[in-house]
Structure formats: C-alpha cells, structure tokens
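In: With the sequence up front, the predicted model follows.
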Amino acid sequence: MTREEFAQLCLNKTVILDGSTGIELIRRKMKVSGSIETSILDSPDMLNELQLQYCKAGADIILTPTLGANRVKLQEYSFDGSVRELNRELASLSLKTASSFPTKVFGDISSTGRFIEPFGDLLFDDAVEYFREQAEGLLEAGVNGFFIETMIDLQEARAALIAVRELCDLPAVVCLSFYKEGYTLNGSSPQSVVVTLQSLGADAVGCNCSTGPAEMIPIIQKMATCTKLPLVVKPNAGLPSLKNGKTVYSMDKNEFLSYIPNFHKLGVSLIGGCCGTDPGFINDIAVQWSNKVPVKRESFITHAIASNRTITRFGAGSFTLIGERINPTGKKDFQKQLREKDLTTIEIFASKQQEFGANVLDVNMGLSGIDEREMMLKTISLLSRISSLPLCIDSTRPEVIESALRLYPGRALVNSISGEKDRLEITLPIAAKYGAMLIILPLDDNGIPVTFEERVLVIRKIIDEATKYGYTTDDMVIDGLVMTISSDQKAAKTTLDLINWCAKNGINSVCGLSNVSFGLPQRDIVNSAFLALGAQRGLTSAIANPSSERLRNIISSINKKGCRI
Amino acid sequence: MNILTKLLEKNEILILDGATGTELAERGMPSGVSPELWVLDNPSSIKSVQNDYFNAGSDIVYSCSFGGNRIKLSQYTEDLSAVFDINRKLAIISKENSHGGIVFGDMAPTGKFIEPFGDLAFSEAVDVYREQAAGLCEGGVDALVIETMMDLQETRAALLGAKQAAGQRPVVVTMTFDADGYTLNGTHILSALSIIQSLGADAFGCNCSTGPAEMLELIKIISPYSRIPLMAKPNAGLPKLIDGKTVFTMGAEEFASYSKQFIDAGVRIIGGCCGTTPNHIKKVKEALENYSPSAISAKKSFVIGTVKDAQVASVDEPLMLINTEAGDKYRNCSADELSASLVEFCIHNSYIPVIKYDNEANLSFALNVYPGRALIVVENEQDFQTVLPLAEKFGAVIITDKFAPQNVSNTPCLTDIVVICNVTKNENYLNAYKLSSMGEEDERFFAVSELYNNEIPVLVGDPTDDLRDFIVAYDALTGRDRKLEGLMNRLHQTDNKQISDQEIEERDPVYMAVLRGRDNVIENAIGDSLKAGISPGKIVDEYLIPAINVVGDLYEKKEYFLPQLIMSADTMRKGFKILEPLLAAENSSKSKDGLIVIATVKGDIHDIGKNIVALMLRNYNFDVIDLGKDIDDKTIVDSAIKNKADIIALSALMTTTMVQMKTVVDTAKKSGCKAKIIIGGAVVDQNYCTEIGADGYSSDAMEAVKLAQRLVSA
C-alpha cells in the first residue's frame, strides 16, 4: 500500500493490529531450538494457524514473525545463513496466510539489543546496514509496509527507519518501548521520540511492549501534543510476573479492553497487543472498535526540534535562546584546543550556556587546519551524551551537514539554507532527507539584499523550493540577517521590518544579535536593546551569548509578556 | 486674519527691500550721524531709496527707524520724550510715499545687554520697544519688524513690547546668526525659532551676518519645525576688506541665483541686507516670477528652546527625557524666587526646567522673564484651564499627568500639549510615556522598547544610568539618532578612559581632519597646506599616513570604533584624491616599483582595510589596480595576467570567505600566473598563508607595504 493510502486508512477507521506472535507460539508449545525465527521455519503450520486466527479476528495488519531476525540477534544463536533469505522466507509465510483476507502484512523489524553510537559501540552505519539487510528480504517477499517495534532507544529506531526509507517508499510505523516512568531506556521523552521520528519520515509512531495499557496512557498523551501523525499502541497484557518459573502476563482481555476508550479519546489510530495477548484479545478489540473513527487531534506542537532527551519549541509562549559560543571564530585558545582534538572547552561552553538558560546549542566547527566533519561528529557525540539541549548544526559544507544530521540522535536545526544555488540544490535536499528544521537566510548568489522587500523575495523563493521537498513554514525559522549599524544606520530597521513580516505570516524568526553591534562600544548593551526591539516586532528566537546578564533580563521580560508565533 | 496672511495668500511670496544705509550714504548722508534724525531733516532721501526698491519689485519696505529706540537715540539727543514722535514721523514719511505699498516699522537692538548679563532690566526693555512700536503704529505702518537681533532675551522683550502696541498688526522677527547657526550670545537658531514662534511672532527668519549660501543652510535647519512663515534677508555674500573698507562683493545675478532654493526650503518673505541694492532686489524678483512654492510638510513634533540649544521631541529624533519630578522644587516659591531660579537655571544648564504648576500669579511673572520655553506640569482639568492662557501667551509647553484635556482648539503657533498615556495612544495630542508606570526597575529595559515600537517621542521620568545606556542604543537602532552620536558619546568609555580633545596633541589641520574623520574640512585644510608651500608628498607622508596609523592604533585599543574608522578612512581617501594628480605630476618621471592587483575575495564585502592598504601602496610608489570587493578568483587572476602584476593582494574578513584565498592561489597556479600572492585580514595569519601556499601575510597597511617591497626586490 502507498503511504497516502496508509494515512487515509488511519483517518477513516481504528486500525486493528495483531497480538503477540513469538510469545504466543511458545505458549502454544511450539518447538524452539536456537532462535524463535528459525524455529518458526520448522513449524510453519503453527504460525499459519495463529496468523489465520488474527486475520479472522479482524486484524487489519499482521506482522511478519521477524522480530529477532537481524544479524546481531541471530548471531547470538550462531546463525550463519543469509539474514535476507531468512526474512524473505518468514515474510512469505505471513503473506500466504493473509492472502485470502483483506489483512495487510507489515515487515517486523526490532532491536539488536546493542547500543548505537554515540551511546554505544555499534557504529550507526553498521546498524543501518543490519536493518537494511532485513528490510531487503522483507521487501523482496512483498510486504505492504514496515513495523519497527520494541526499539529500546531512539537512535536505534532512527537507524531502522533510515534503512527503510533509503530502500523504499512504503509506510513505516515506529514504536518504542518506554519504562513506566515514561522514558526510554536511554532517557528519551515521548516528545523527543515523536518529533524526531516524524521528521525522519515515519508514518505512525507509538509505543509497544514493556508495559501494560495503563502505563502507556500518559506516554501517548505526551506524544499526542507533539505530532500530527497517527498514534500506535501495542501494550502487553499487563506487567509480567513469575509463576512457576515462567513469565506470565496476567491481565485478561476484558480488563485490557477497558483501557481502550482512553486511547481512543487521545486520538490513537492503531491498536494491537504485545506479550500476553492472543487472537481472543484482537477479536474483542475489533468487534468494539474497528468501525470507530479515530478522534481528530486538534492541537499539536509544530515548530519543534529535539535532542535525544527533550524537545525545544519555537514561538510557543517563551523565547527560544540559541547559545552561540561553540564557535571557534575569534577564540584563540579554543582554536588551539580544536586543532589538538581537545573537546574540553566545548564541554564547558555547553554546560555554561545551558546554565544561563540556552534552549538550543549552536555548533560550528569551521576552522582552517582541522577536519570540520570529524570535529563536528565528535562534538555531536559528546553533546548528545552530556547535554539535553537540541543542537543547531552550523556549517557551510554539505558533507558536514549530511554526516551530522545522519548521526544526530534527534531532530536538529540547520544553520542555514540560503537562496544560493548550491545551498538549494545540494544542502536543502540533504536537510530534507533527515527532516531537519531550517534556518532560512535571505540572501542569494547576488549577495545580501539591502531592502526588506528584496529579502522577502528571496525568502519566498526558498520557501517555494523547500515546499517541493515536503517542507512547510512550520519547519522554518527565518534569519532577519541584521547587519551592523556602524556602517549602515538603516540596518536594524530593515531587519525589524523583516521580523515583523515573519510574525504577520506566522513564521518563526531568529537573529544573530552580535552582528548588529560590530565595531561599536558596549556591544552587550546594543545587542540586548536590539533583542528587545526585535521581540516587540515578533522575534521568537535569537543566536546570542547567554552569559550576558542584560540579555537574560530582556528575555525574562519577554517571557513575562509571552512570545508566540 | 491679519494683513500678513492676506498678503501671503494672495502672493505666496513677498519681497522685502535691500540695504538702506549705503543707499542713504550715496544720497549724501554723512557718517557718524543718527540716520533716523538725519532722515527726518532729509525726507526726500529715504523716499528716493524706497521708490527705487518699490520699482525694483519690493512688496514691502522698512521704515528708517533701525536705531529709533530710546536707548540708541540717547547717544544723539537728550530729548527722549520725543522718541514716540520721531518714530511716528519716520513712519509717516515712508507710508505717505509708499502709494499703497506695504511699510514695516523697523526695530533693532538697543545695544545694551539685559539682566543678569547687563544692567538693563527686562521690563524696561519691554517698555522701550513698546514706546517705539507705538510711535511707528501711530504713524501708519502696516506691520512691525524686529531685525538684526543677536540676543534672545532682548528679542523676547522687543516682541512682547511690540505686541503690546501693535493691535491687529503682525509683528515679525529676524535674528542674526553666524554660519554655524548661533547668535553672538550662543543661542541656536532652532532654539530661537521655537521660543519666538511660540511667543506669538507672525513670521521668523534671519538677516545679516551671512551671505545667501550660509543662510540657506540655516533656513533648512528650522524649516521642518516652523509653524509660521519664514523670512530671509542675507548680505551680498561675505565681507572683504578692500583698501581699509568693508565691501560686499556678491553681484545681483549670483545673489538672486539662491532665491528659488530659499523658497524651496520654506522661505516666503525674502529680501537683502548689507551690500544689496535695488538691482539685487530686481534680480530676485525676476528669479521668482511665476515661481510657485510647494507646501512644506511639518513634522508632528515640538521644539523646546533654551537660551543655548534646542531639544526636539519627534519620532525621528532621539527620545526626549523630561524629569517632571524636578519641577517639585519650584512649588511654593514666591514670584521673584521662581523667576530668579529659572533664569539662573537656564544660564548654567542646558537642561530644561520643568515647573509643576501651583500658583497663577507666580507662574505668569516667571514665564514673562524666563528666556526659553518652559515646561509646565498640570495634574487636573481645572489647573489646566488656568494654565492654558498663560502657556499660550508665553509659549510654554503643557504636560498633563493623570488626565487628558477636553476640547482644546489647536490653532497654529499655540500651545503644545503633551499627554502622558502609557496604555492607549492619544491621537489629539503629543504623547509621552511615564517611566514609573513601566513596571519595576529591571522590567523597564524591555518596557522602554515598547515605547519605541509605538513611536512615542517623549519619556517622562529620570532613567537610571543603565537605562540611559539602553536609551541611546534604542535611539541608534531605530534610526532616531542617525549618526549614532548619542551612542558614541555615551557608550564610548572603556575603563573610564575617554578621548578628550586635550589628550590628543593638537596637530596640523590635515592630520586632525583625518584623525577626527572630518571629511568636510579636509579639502580646505589641504588647500591651506599647499598654499603654505608644503609639498603634496610631504602632506601624505607627514599628515595623512601618520594620522591613519594612529586611527588604526586607537581602533585596535578599542578607543575608536567602526563608525570612527570609517569616517577617518573616508576623510583620508578624499584627501588623497585631491593630492593624487599633484603627486603624479611630482612622480611622473619616477618609474613605479611594481604593479599590484588588490581585491577582497568572493563573498566578502569588507573593504575598509583593503582600501587603506591600496592607498598606502600607491603612496609608496606602487601601481595599484583595485578590483573592489566580492571578486571571484578568475577575475583576479585574469587581471593580474593581463596587467602583468607583480603581486596579487587578497583581503578577507570572514572564516567562510577566507577559503577563497586558496582558490585564488590554485587558479593562479593553474593559469601560469607568475604574480606573488599576499594576504591580509583579521581572520588570516601566517599559518594560513603557509597552509594555502601564499607568498606572504601582513598584519596592517605598513607591513603590507614592506612586504610588497621585499617581494619585488627579491
């Protein structure tokens, strides 16, 4: 099915998923030697019987029995065959079973169990390769879409989703496992998960496994505020307990069902069950809910970027401060350190800026004599681990931006996309692939437009081009491009008019404050004054040095008044 | 409607007469006598003069009563009871002769200073002028003119005195200002305009002291703020001393060539002063035949004049700060105390005193004497009704606090009323925000930006020093302080160090012009130096270059900032342009040491430093081809090859554009270009030079010269 068809499906009905496969087969006493996946090949009839029951019960989508069929997990069982082949075979079984029903089959991809860089030693591109391997086999068999589930970590979910997206254009659902406290194992919030995966091209997001339905309600609630995508729940039948040495899920289907109205109210579109559930669960869910149209969710956060842990919103009530300090320009000691690959200053800058109230960190590694790409990746890795703030990738080199966006375990802001030919033709598609939020720079190959009207023309051109890649102005922050008033007294006014235009058109705006005071005394005062004037006209963010007390005072006053796009 | 408005409506432009004294001298008046008394005995002389002017095209002539006030006449006669009659007779002579033409009764300075500078009491001065005015009016003049006044307080006395006798007749005022716009006693023309027009003059302008070129510039200063017709009566150019005599040499044609510009600038009543003749007036009339003035739009603003400078409240000017709390000290004063302290205040400060109203009689007394526009704070409607007529009479500005006045008819020239209105804008009056209503102290830094966003011209309150720092920044950022003067003056203190004029050793004018960035005086300064016999080369080596080097040092030390750097560089460039042809003549025999192609690289628009380097290289005998800024590698290399350049010099100021330098190096190599490549700019250094394979790096202009010299001789 196409992605549009999938989207339509999720709007029109509550989509019924299947219940547990592997765990259920074990409960039905399927013979297991080695991995579950290879064992299924030896008992295809049992699989067929189970999946038939799901289809009859009214499942709209069943999953291929390939949860652990990735190279890493299979190697634990000393599997030395073709991963691709195995996936293809298993998928073919499901497809055969479902062929006489309207039920669709989605390829199941799940966790390797290993942490991926920068959180572990599994290289990102290796992880992508492993997931791709699986996906190729599934695709070959003819699956209708992909179901990436039980991911313990956002970075892993990213790797799998990128693998699928680089391979095909089928619908991709992504579910993570959350602890009952509401975070993933690696500390990601539901919001950061959803903002990141949405921009990376997921067609539905949600959570599965780890907890029963009750614990998932607050998680889904948080997700619902952050995305326009369909939401998925596939809870376990309650929390597990040990009975006679066996793991047992004790929630019965009636109790399970009693939670579904909560999900329906929150606007969930896809419902199924995980460990401890069976065709009986699915049957009852389908009977009661299959023909119910999902509740439309009206308010959801757009204009957000994410780190691995949290999100930062633009123009959502308070001012967004982007810390500018991680930039070697003019900092002799910092430059020296970078040339020696020493990241000490970066750590200090990151924590200091966060302490002083930065909401985003700009990262610029542009310096002669260093490998910008290498240092950018090292910095991103470091900051992803030690800081919870989302990052703004600041570079003029497309290859640096590409590597950064690929690795970054969140949704980044890209500084910047201008109207220059190579930016639009090379950098923009790269940013679009990873769904990054964009800082738009209103200049082009003709230079920096002097008047506000000319800048608007350039902006429109960039917006038109970006729209071709699926961007809307919700994904953009427009840089007012302020020049110094010491050489052009009208510079501030031009930018203020542009900021006003952005506000009137419901678009977020940003300004690199320091520019306005270049060459003047007491720059901090001039920068802070300019921030205040900008905010009056509707500026929603700025790139500045958070250690300025005057600046923080102004921001505090702005926030009292409220800062909304 | 008085005769002036009627006349202006009909004619749009009125033409005055020219110089009278010289004309009378030609008709036999000896030197050393009182012209007024002499004319009474020789009336045909003045009639002849005035006929000449009427025939030449004057609409208006002045009566011959310039020195006809009691104090001036006391030098020539003891019978001062005749003063009224003298003026009456002088008026009759002119009026009878005019055959329907307009006669203005002429009044001028007494020659004495008014208290507290001199010993003439203000009230006495008023009486003196009233006396003269009464006589002139009795004699039939159509209006009164107070001219050639050089003291603000005396002008006030004259205007108040004249109005007492004038009845319905208009009273117009022209004062005399130097080319910088100041009277002898230091009152600025904008200040004078605001005070005199709010005091009820029917027209205002300048006469004497300057020629038409200088006077035109002064008119342009006051034109946007004038609410009454403007007058100009310039001299025939600047005076020259010829054979021990002061002579005005500007001919009639040249004099009249300024007429249209005066009208465009807003003048409606135009004539001539010293050195002008009926022929000058004739040419002016011809120049303005069928010339229709276009309306000048007045700014929504008001001006507060003091005895020194004016302050302007306008959305296009820096924020006006008014501290109404300071007005408390004027409450419960006696009339004498109040007037004395106000006068005292205005002499010693350039601030404006703010009076909180409490007593009508005291206020009236004080406003009479105060030589400026006062600010009166009124807190309720009742007080407002009492104060309003006083404010109208004496031209004061009213600020209302806590209420907005009802139903005031806004006739021109009358009271400026400012309403404090923090929340809603009041469209009927001028608006002010009150600082104390703008939240706690730490919230005000942001709150004041709201004032700027709403385009409010006045802030009432006494901002802290920190807040004042923000205010000058806001003024600069919003374009209200176009030259960033307020910002530079206030914020330009590093470690409490200030560059004062005394600290910089006073040097040659050319050096000082570059140091101070005065590009409007460099031409004259160089002209003077050349006349004094200093060679062009020496001017460059000993004045221009050392000066720009000092500017560079001051910039490095953060004592000078970018605006100053730009001004100095522009001044130096202008000076160099003047000297270049002269230097070329000097050096035409010398062959150049080498040819250098210089440019700022692609994507980079910074060129101040590059321009200075180019200048220096030229001066040190290099041929320099300056390609400009944002130049791509191909253009640079092509130019170097075509011109057989010895050196390519590259400038870049940004980390993102310095990479272009490498591109130029590579392109030059590929094209087989033999020129050596040198680099400069704040982002680059010797390491980078080595990294990209360039031939040299220099940190400033002098180093660039030395580097270039080394490379060509190698």
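Out: That came in fine, so what should we check first?

In: Go through stretch A:262-276 and flag the buried ones.
Out: Under the neighbour-count criterion of 16 or more other Cβ atoms under 10 Å in any protein chain shown, stretch A:262-276 has A:262-264, A:266-276 buried. C-beta: built from backbone N, CA, C; applies to glycine.

In: That stretch - what's its average pLDDT?
Out: Stretch A:262-276 carries an average pLDDT of 95.

In: does whatever residue of the stretch 151-300 of chain B ends up closest to chain A count as helix, strand or coil?
Out: Residue nearest to chain A within the stretch 151-300 of chain B (Cβ to the nearest Cβ): B:Lys299, separated by 18.0 Å. Here B:Lys299 is recorded as coil under DSSP: H, G, I helix; E, B strand; the rest coil.

In: so when I look at B:Leu595, I'm seeing a strand, right?
Out: Yes - counting by three-state DSSP, B:Leu595 falls inside a strand.

In: which residues does it contact?
Out: Going by Cβ atoms under 8 Å, 6 or more residues apart in numbering or on different chains, B:Leu595 touches B:622-625, B:643-647.

In: Pull up the per-residue confidence for B:Leu363.
Out: 83.

In: Point out the residues in chain A that sit beside chain B.
Out: A:328-329, A:366-369, A:396, A:447-448, A:484-487, A:489-490, A:492-493, A:516, A:518-522, A:525-526, A:528-530, A:532-533, A:535-537, A:550, A:553-554, A:557-558, A:560-561 (Cβ under 8 Å from any Cβ of the partner chain).

In: The closest residue to B:Asn362 other than its chain neighbours: neighbour count?
Out: In this structure, B:Asn362 finds its nearest non-sequential neighbour in B:Ala335, 4.4 Å apart by Cβ to Cβ, 6 or more residues apart in numbering or on different chains. By other Cβ atoms under 10 Å in any protein chain shown, 16 other residues sit near B:Ala335.

In: B:Ala335 contacts B:Asp358, correct?
Out: No - using Cβ atoms under 8 Å, B:Ala335 makes no contact with B:Asp358, being 12.0 Å away.

In: returning to what we had before: can you tell me which of the buried residues of stretch A:262-276 are in strands?
Out: A:268-271 (DSSP state E).

In: Show me which of those is closest to chain B.
Out: A:Val268 (43.0 Å).

In: Report the backbone C-alpha coordinates of stretch B:51-62 in PDB.
Out: Only the C-alpha atoms of stretch B:51-62 are listed here, as PDB (Å, rounded to 0.1, in the frame of the first residue of the first chain):
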ATOM      1  CA  ASN B  51      10.900 104.300  -4.600                       C
ATOM      2  CA  ASP B  52      13.900 102.600  -6.100                       C
ATOM      3  CA  TYR B  53      13.100  99.500  -4.100                       C
ATOM      4  CA  PHE B  54       9.300  99.600  -4.900                       C
ATOM      5  CA  ASN B  55      10.200 100.000  -8.600                       C
ATOM      6  CA  ALA B  56      12.700  97.100  -8.400                       C
ATOM      7  CA  GLY B  57       9.900  94.900  -7.200                       C
ATOM      8  CA  SER B  58       9.700  95.100  -3.400                       C
ATOM      9  CA  ASP B  59       6.300  94.400  -1.900                       C
ATOM     10  CA  ILE B  60       7.500  95.700   1.500                       C
ATOM     11  CA  VAL B  61       9.900  98.400   2.600                       C
ATOM     12  CA  TYR B  62      11.200  99.000   6.100                       C
END
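
In: quick one: buried residues of it?
Out: Buried, per 16+ other Cβ under 10 Å, within stretch B:51-62: B:51-54, B:56-62.

In: would you turn the contacts of B:Leu595 into a markdown table with neighbour count and secondary structure?
Out: A markdown table is the format used below for the contacts of B:Leu595 (neighbours: other Cβ atoms under 10 Å in any protein chain shown; DSSP: H, G, I helix; E, B strand; the rest coil):
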| residue | neighbour count | secondary structure |
| --- | --- | --- |
| B:Phe622 | 22 | strand |
| B:Asp623 | 16 | strand |
| B:Val624 | 22 | strand |
| B:Ile625 | 15 | strand |
| B:Asn643 | 14 | coil |
| B:Lys644 | 10 | coil |
| B:Ala645 | 24 | coil |
| B:Asp646 | 20 | coil |
| B:Ile647 | 24 | strand |
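
In: Helices of the stretch 301-450 of chain A, start to end?
Out: Secondary structure of the stretch 301-450 of chain A by DSSP state H, counting those that start in this stretch: the helices cover A:332-339, A:344-355, A:372-386, A:398-407, A:421-422, A:428-433.

In: how about those helices in CSV, adding mean neighbour count and mean pLDDT?
Out: Shown next, in CSV, are the helices of the stretch 301-450 of chain A (neighbours: other Cβ atoms under 10 Å in any protein chain shown; pLDDT from 0 to 100):
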stretch, mean neighbour count, mean pLDDT
helix A:332-339, 15, 92
helix A:344-355, 17, 95
helix A:372-386, 19, 95
helix A:398-407, 21, 98
helix A:421-422, 11, 94
helix A:428-433, 20, 97
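
In: wait, doesn't A:Ile26 sit right on A:Ser39?
Out: No - with contact defined as Cβ under 8 Å, A:Ile26 does not count as touching A:Ser39 (9.2 Å).

In: Present the helices of the stretch 301-450 of chain A as JSON lines; the columns should include distance to A:Thr21.
Out: Below are the helices of the stretch 301-450 of chain A laid out as JSON lines (distance: least, Cβ to Cβ, whole Å):
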{"stretch": "helix A:332-339", "distance to A:Thr21": "51"}
{"stretch": "helix A:344-355", "distance to A:Thr21": "44"}
{"stretch": "helix A:372-386", "distance to A:Thr21": "34"}
{"stretch": "helix A:398-407", "distance to A:Thr21": "32"}
{"stretch": "helix A:421-422", "distance to A:Thr21": "49"}
{"stretch": "helix A:428-433", "distance to A:Thr21": "32"}
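
In: Mind checking those for the one nearest to A:His303?
Out: Closest to A:His303 of the helices of the stretch 301-450 of chain A is helix A:428-433 (Cβ to Cβ; 15.9 Å).

In: For the closest one, name the packing helices and strands.
Out: If you count contacts as 3 or more Cβ pairs under 8 Å, 6 or more residues apart in numbering or on different chains; DSSP states H and E, helix A:428-433 packs onto helix A:398-407, strand A:413-418, helix A:452-467.

In: For the residue in the stretch 1-150 of chain A positioned nearest to chain B, which non-adjacent residue is closest in space?
Out: Residue of the stretch 1-150 of chain A nearest chain B, by Cβ to the nearest Cβ: A:Pro118 (26.3 Å). Nearest residue to A:Pro118, sequence neighbours excluded (Cβ to Cβ, 6+ apart): A:Ser381, at 3.5 Å.

In: residues touching B:Glu286, list them.
Out: Going by Cβ under 8 Å, 6+ apart, B:Glu286 touches B:57, B:256.

In: does it belong to a helix or a strand, and which?
Out: When elements are assigned from DSSP states H and E, B:Glu286 belongs to helix B:278-287.

In: Name the residues of that helix that are buried.
Out: Within helix B:278-287, judged by 16+ other Cβ under 10 Å, the buried ones are B:278-285, B:287.

In: now do stretch A:247-261
Out: A:249, A:251, A:253, A:256-257, A:259-260.

In: Can you add distance to A:Val293 and give those residues back as JSON lines?
Out: Output for those, formatted as JSON lines (distance: Cβ to Cβ, whole Å):
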{"residue": "A:Tyr249", "distance to A:Val293": "30"}
{"residue": "A:Met251", "distance to A:Val293": "27"}
{"residue": "A:Lys253", "distance to A:Val293": "23"}
{"residue": "A:Phe256", "distance to A:Val293": "22"}
{"residue": "A:Leu257", "distance to A:Val293": "19"}
{"residue": "A:Tyr259", "distance to A:Val293": "19"}
{"residue": "A:Ile260", "distance to A:Val293": "14"}
